[in-house]
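Asker: got a predicted structure here, sequence first:
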Amino acid sequence: MKRTRRAGLVAAVLAVVLAGTVACSGGSDEGGGTGDGDGSLTLYSGRSESLVGPLVEGVDVGVTVTPAYDKKAAQILEEGEHSPADLFFAQDAGELGALAMAGLLEPLPADIVDRVPATYRSESGGWAATSARSRVLLYNPSKVPAADLPAGIDGLLDPRFRGQVGYAPTNPSFKSFVTGLRLIRGDDAARDWLTRFMANEPKAFDGNGPLVKAVDDGTVATGLTNHYYWVQEVEEKGIDAVASRLHFFADGDPGALVNVAGIAVLKSSPNKEKAFDFVRAMFTADNQKYFTTEVGEYAITGDIPIPVAGIPPLLADLHPPTVDLDDLADVAGTERMLTEVGAV
């Protein structure tokens with residue numbers, strides 16, 4: 001992202017933070033966090049309880065950890081330094097980027113940062129990825145053979161795919177894909193791609209679950225999604241009971257974006273050392289394996305494969321486009337663009 005664009009994004013995020021700080025400043029001059037340094041942590045989780053609840057419950061750092069699920073970065077931005085959260089477990093790198101740009105994150109210790117590949121952590125050291133997922137094209141071989149699938153997202157604009165591509169426009173993962181497209185090609189080119197994509201009459205779905213089902217039953221031939229939705233279905237039903245298959249786009253294509261879930265400690269936490277211990281726990285071999293076996297995502301550390309055939313290794317075989325994941329923070333700009341082109 002160009003420096004001028006990033007500066008504008010920082011200013012917008014800070015405006016939200018300042019407004020939230022003013023709104024929250026009436027009662028107390030004390031900082032945030034529910035702990036007082038004596039043994040409690042509050043975890044805001046953007047990830048659902050059904051997905052990561054067992055993982056969170058299994059972490060023992062010697063203090064009480066109280067999770068609050070389905071939280072968003074926007075709430076922390078509004079709460080500012082008065083947020084009761086000590087940690088934020090984010091579904092998406094863009095949310096962590098917004099908090100980092102707002103100056104709300106405590107730099108992680110070097111022993112944590114050094115465990116995570118540079119591509120999958122904040123440049124400032126404010127957050128680190130806990131797991132990763134690749135954008136893919138899900139397809140039904142009975143509707144379109146593998147040999148006819150496009151190498152990149154531009155191929156989906158071909159008339160032969162008219163009405164045959166599913167997408168989930170309100171899902172954060174699709175918004176992150178579009179934000180990545182803006183970063184890679186620029187806003188004008190991204191808007192042009194979206195305009196042509198919409199002209200090819202794609203089918204909108206209310207979430208990735210319905211999209212995967214539609215591809216499986218042949219309602220649409222293909223669908224833009226994340227790889228782990230398919231992995232979860234295969235692990236539940238078995239590969240022979242799943243009609244769809246995965247297609248990974250070519251190296252460097254915007255459709256090959258790898259996004260992450262990640263974790264951060266808030267500057268306002270009064271119990272930072274225990275919060276850091278919680279972060280460290282995310283990178284144990286057992287907990288990294290949890291992401292591969294229970295969620296279907298890629299582990300960030302260690303050579304832990306996803307237990308489904310045909311999924312390429314993250315670091316060895318996947319070559320996503322070069323994107324600073326902090327810069328995925330401009331979701332508001334993406335939402336405006338999606339509205340402009342009639343995608344939502």
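Answerer: Done, it's in.
Asker: packing partners of the helix or strand harbouring residue 78?
Answerer: In the assignment (DSSP states H and E), residue 78 maps to helix 73-79. Applying 3 or more CB pairs under 8 Å, 6 or more residues apart in numbering; DSSP states H and E, we find helix 73-79 packed against helix 3-24, strand 87-90, helix 93-101. Using the backbone N, CA and C atoms, a C-beta is placed for each residue, glycine as well.
Asker: mind saving the C-alpha coords of it as CSV?
Answerer: The C-alpha trace of helix 73-79 is given here as CSV (Å, rounded to 0.1, in the frame of the first residue of the first chain):
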residue,chain,number,x,y,z
ALA,A,73,-12.2,-4.9,16.5
ALA,A,74,-14.7,-2.1,16.1
GLN,A,75,-15.8,-2.6,19.7
ILE,A,76,-12.2,-2.3,20.9
LEU,A,77,-11.7,0.8,18.8
GLU,A,78,-14.8,2.4,20.4
GLU,A,79,-13.7,1.4,23.9
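Asker: only the buried residues of that helix, if you could.
Answerer: Neighbour counts over helix 73-79 (16 or more other CB atoms under 10 Å) mark 73, 76, 77, 78, 79 as buried.
Asker: in CSV, list these along with pLDDT.
Answerer: As requested, those are exported to CSV (pLDDT from 0 to 100):
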residue, pLDDT
73, 94
76, 97
77, 96
78, 96
79, 97
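Asker: wait, which of these is closest to residue 196?
Answerer: residue 73 (31.3 Å; CB to CB).
Asker: what ranges do the strands span in this protein?
Answerer: Here the chain has its strands, by DSSP state E, at 40-45, 64-69, 87-90, 105-106, 127-139, 165-167, 203-204, 222-226, 245-247, 258-266, 298-299.
Asker: against which helices or strands is the longest one packed?
Answerer: Using 3+ CB pairs under 8 Å, 6+ apart as the contact definition, the elements that strand 127-139 packs against are helix 93-101, helix 172-185, helix 208-216, strand 222-226, helix 227-237, strand 245-247, strand 258-266, strand 298-299.
Asker: ok so, going back, distance to residue 225 for the buried residues of helix 73-79 - can I get that in a markdown table?
Answerer: Output for those, formatted as a markdown table (distance: CB to CB, whole Å):
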| residue | distance to residue 225 |
| --- | --- |
| 73 | 23 |
| 76 | 28 |
| 77 | 28 |
| 78 | 31 |
| 79 | 32 |
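Asker: of all those residues, which comes closest to residue 231?
Answerer: Nearest to residue 231 among the buried residues of helix 73-79, with distances taken as CB to CB, is residue 73, at 26.1 Å.
Asker: need the helices and strands packed on strand 127-139 in JSON lines with distance to residue 320, can you?
Answerer: JSON lines is the format used below for the helices and strands packed on strand 127-139 (distance: least, CB to CB, whole Å):
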{"stretch": "helix 93-101", "distance to residue 320": "12"}
{"stretch": "helix 172-185", "distance to residue 320": "9"}
{"stretch": "helix 208-216", "distance to residue 320": "19"}
{"stretch": "strand 222-226", "distance to residue 320": "13"}
{"stretch": "helix 227-237", "distance to residue 320": "12"}
{"stretch": "strand 245-247", "distance to residue 320": "15"}
{"stretch": "strand 258-266", "distance to residue 320": "4"}
{"stretch": "strand 298-299", "distance to residue 320": "11"}
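Asker: closest to residue 325 out of these?
Answerer: helix 93-101 (3.8 Å).
Asker: and the angle for that closest one with helix 172-185?
Answerer: 70 degrees (axes from the mean of the first three to the mean of the last three CA atoms, to 10 degrees).
Asker: now helix 93-101, how far from the chain's geometric center?
Answerer: 11 Å (CA atoms, centre = their mean, to the nearest Å).
Asker: now stretch 227-242
Answerer: Per CA atoms, centre = their mean, the centroid offset for stretch 227-242 relative to its chain is 20 Å.
Asker: pretty sure residue 91 contacts residue 172?
Answerer: Yes: using CB atoms under 8 Å, residue 91 makes contact with residue 172 at a distance of 6.3 Å.
Asker: so between those two, which is more surrounded?
Answerer: residue 91 (24 against 19; other CB atoms under 10 Å).
Asker: quick check: the gap between the more buried one and residue 304.
Answerer: Distance, residue 91 to residue 304, using CB to CB, to the nearest Å: 21 Å.
Asker: before we move on, the earlier item: any chance of the strands of the chain in CSV, plus mean neighbour count?
Answerer: Output for those, formatted as CSV (neighbours: other CB atoms under 10 Å):
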stretch, mean neighbour count
strand 40-45, 22
strand 64-69, 16
strand 87-90, 26
strand 105-106, 20
strand 127-139, 25
strand 165-167, 23
strand 203-204, 15
strand 222-226, 27
strand 245-247, 18
strand 258-266, 27
strand 298-299, 26
